[in-house]
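1. 3D, please:
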Amino acid sequence: MRGYDKSDCDFVILYTPFSKDFEDIIHDGYYILPIEVVVKSKALTAIVFPAGKGKGNIMVCKWEKYKDDWARI
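-> Just a heads-up that it's a prediction; the model follows:
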């Protein structure tokens with residue numbers, strides 16, 4: 001089995017149902033990740049959470065700049 005690359009798609013869109021996990025957040029999140037960023041990260045998983053809801057010193061996830069970035073498509 002192989003991973004995704006530029007020949008498969010241009011973007012990966014992550015849907016995160018924040019409203020199910022956080023009572024004070026009414027909008028879910030969408031992260032529009034360019035495939036180049038996904039491939040470069042070599043990550044098998046993407047941990048996403050709403051800004052300010054992280055744990056410890058990490059209050060913003062590393063993918064936050066791609067949240068709701070529909071203009072990228």
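
2. for the helix or strand containing K40, name the packing helices and strands.
-> K40 is part of helix 35-41, with elements assigned from DSSP states H and E. Taking 3 or more Cβ pairs under 8 Å, 6 or more residues apart in numbering; DSSP states H and E as contact, the helices and strands that helix 35-41 lies on are strand 11-16. Quick note: C-beta positions are derived from backbone N, CA and C, even for glycine.

3. any idea of the mean pLDDT in the helix or strand following the strand it packs on?
-> For strand 11-16, the following helix or strand on the C-terminal side (DSSP H and E) is helix 18-21. Helix 18-21 carries an average pLDDT of 90.

4. flag every buried residue along helix 18-21.
-> Neighbour-count burial for helix 18-21, with 16 or more other Cβ atoms under 10 Å as criterion, is recorded at F18.

5. got it, and stretch 34-51?
-> Judged by neighbour count using 16+ other Cβ under 10 Å, the buried positions of stretch 34-51 are 34-35, 38, 46, 48-50.

6. outside of it, which residues touch it?
-> The list of residues contacting stretch 34-51 from outside it, by Cβ atoms under 8 Å, 6 or more residues apart in numbering, reads 3-6, 8-12, 14, 16, 18, 22, 25, 29, 31, 33, 59-61, 63-64, 66, 72.

7. can I have the buried ones of those as a PyMOL selection?
-> Per 16+ other Cβ under 10 Å, the buried members of the contacts of stretch 34-51 correspond to this PyMOL selection:
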select buried, resi 11+12+16+18+29+31+33+61+63+64+66
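
8. the contacts of stretch 34-51 in strands, which ones?
-> Judged by DSSP state E, the contacts of stretch 34-51 include 11-12, 14, 16, 29, 31, 33 as members of strands.

9. tabulate the residues you listed in JSON lines, adding columns for distance to G54.
-> Output for the ones in strands among the contacts of stretch 34-51, formatted as JSON lines (distance: Cβ to Cβ, whole Å):
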{"residue": "F11", "distance to G54": "24"}
{"residue": "V12", "distance to G54": "21"}
{"residue": "L14", "distance to G54": "16"}
{"residue": "T16", "distance to G54": "13"}
{"residue": "G29", "distance to G54": "14"}
{"residue": "Y31", "distance to G54": "15"}
{"residue": "L33", "distance to G54": "18"}
